[in-house]
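Student: Give me a 3D structure for the following:
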Amino acid sequence: MRKPLTVSMATLAAVTVAAGCSATVQGNAVPQAGAAQVSAQVDGLVLSAAEVNKAMGATDMEFGTGRDSFVDNSDQTSPHQCLEVSNMGQDKVYADTGWLAVRIQGVREPVDHFQHLAHQAVVSFPHASDADAFMVSAARAFLGCANQRYTYRGENGDPDTVWDSGQVANTDGVLAISATQEGGDGWTCQRGLTAARNIVADIMTCSSNPAHSAAVTIARGIADKVTGQ
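Tutor: Next up, the predicted model:
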């Protein structure tokens, strides 16, 4: 894996578009109704718990909650422009993009004070060009929150947390940005986003040892499944 490079928005957009392929992986869902009809093909692209453990340098992570619909944390992130950095698989981010189907899978240690957390979203679009267009939009969103501080409002009695985001990088065609929690003893979350054919891999990983670039590794692993590498 090459060392991440800080690049301009124009370069990010160019690279993400170039990463798309012309072939389309077929799905059976209807745009905006794919939550109830997620295809077996999309479901099968999520990396296994063993693969996620390897990517994160962990051993005890297990599959937890999975879902076939997006999530909405838009009222918890301030400023709103950092929504796409603060979380993955967001309903308002994918609205009106023409997506077909989605599978989101959480992976972590089965204890209250877990040390590693990963969320994988695999999203299908009608054509590769639709996935590429989403990536261009995502590059703008990542750059719009780079090197900024944002607040994530806690739920169910959890305290609010403040995060400091870093720079946007492109590593082997995977967009990445990290954010570190203030007062969190090094707890850092990384976003990884890439497109392969008509599939987008939308990843978030969190740990106190972010050197593994796990979100990038997981996103690339899903893209390799799509292309058959």
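Student: just checking, what packs against the lengthiest helix in the chain?
Tutor: Longest helix in the chain, counting residues (DSSP state H): helix 128-144. Packing partners of helix 128-144 (3 or more Cβ pairs under 8 Å, 6 or more residues apart in numbering; DSSP states H and E): helix 9-19, helix 83-86, helix 91-94, strand 174-181, strand 188-196, strand 199-207. C-beta here means a position set from N, CA and C on the backbone, and glycine is covered the same way.
Student: Mind checking the pLDDT average for the second one?
Tutor: Mean per-residue pLDDT for helix 83-86: 96.
Student: residues in contact with that helix?
Tutor: The contact list for helix 83-86 (Cβ atoms under 8 Å, 6 or more residues apart in numbering) reads 73-74, 76-77, 90, 92-93, 138, 141-142, 145, 150, 152, 163, 165, 177, 179, 191.
Student: Now with 10 Å, please.
Tutor: 72-78, 80, 90, 92-93, 137-138, 140-146, 148, 150-152, 161, 163, 165-166, 168, 177-179, 189, 191, 193, 202, 204 (Cβ atoms under 10 Å, 6 or more residues apart in numbering).
Student: Now the buried members of these.
Tutor: 73, 76-77, 90, 93, 138, 141-143, 145-146, 150-152, 161, 163, 165-166, 168, 177-179, 189, 191, 193, 202, 204 (16 or more other Cβ atoms under 10 Å).
Student: Select the helix or strand of the protein having the lowest average pLDDT value.
Tutor: Lowest on mean pLDDT, DSSP states H and E among the helices and strands of the chain sits strand 5-6, with a mean of 30.
Student: For His113, find the nearest of the helices and strands packed on helix 128-144.
Tutor: strand 199-207 (12.6 Å; Cβ to Cβ).
Student: gap between that closest one and the chain center?
Tutor: 3 Å (Cα atoms, centre = their mean, to the nearest Å).
Student: swap in stretch 171-189?
Tutor: Computed by Cα atoms, centre = their mean, the chain-centroid distance of stretch 171-189 equals 12 Å.
Student: so for it, what's the average pLDDT?
Tutor: 94.
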